[in-house]
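Chemist: coordinates for the following, if possible.
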Amino acid sequence: MIHDEKDPRQYSAESIAEDAAIGAVGGTVLGLLTGGVSALGVIGGAGAGVAVGNITAPQVVVLRPNQTINLTLDSPVRF
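Modeler: Presented below is the predicted three-dimensional model:
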């Protein structure tokens with residue numbers, strides 16, 4: 001059985017910064033709509049963006065170099 005895990009590409013600095021930027025913009029927009037932009041709202045939005053990005057990261061199967069994989073055939077292989 002090969003197990004899946006969260007996509008390691010979602011943990012890159014670029015991906016985390018992108019999630020934070022989206023959240024910060026969201027926090028700013030909510031602040032504008034509710035009557036005032038605050039640093040706390042922007043920082044909270046950035047933190048929420050990072051959290052949501054981490055939670056929603058896709059599950060993938062990662063095959064690493066030098067990893068042994070055992071295969072079982074259900075029927076004979078024909079060449």
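Chemist: helix or strand with the lowest mean pLDDT in this protein?
Modeler: strand 5-6 (a mean of 80; mean pLDDT, DSSP states H and E).
Chemist: mind listing residues that contact that strand?
Modeler: Strand 5-6 is contacted by residues 54, 57-62 when judged by Cβ atoms under 8 Å, 6 or more residues apart in numbering. C-beta coordinates here come from the backbone N, C-alpha and C atoms, glycine included.
Chemist: what's the farthest-apart pair in the residues you listed?
Modeler: By the measure Cβ to Cβ, 54 and 61 form the most distant pair in those, at 19.0 Å.
Chemist: those two: who's more crowded?
Modeler: residue 54 (14 against 8; other Cβ atoms under 10 Å).
Chemist: and the host helix or strand of the more buried one, what's buried?
Modeler: Assigned by DSSP states H and E, residue 54 belongs to helix 39-55. For helix 39-55, burial by neighbour count (16 or more other Cβ atoms under 10 Å) applies to 41-42, 44-46, 48-50, 53.
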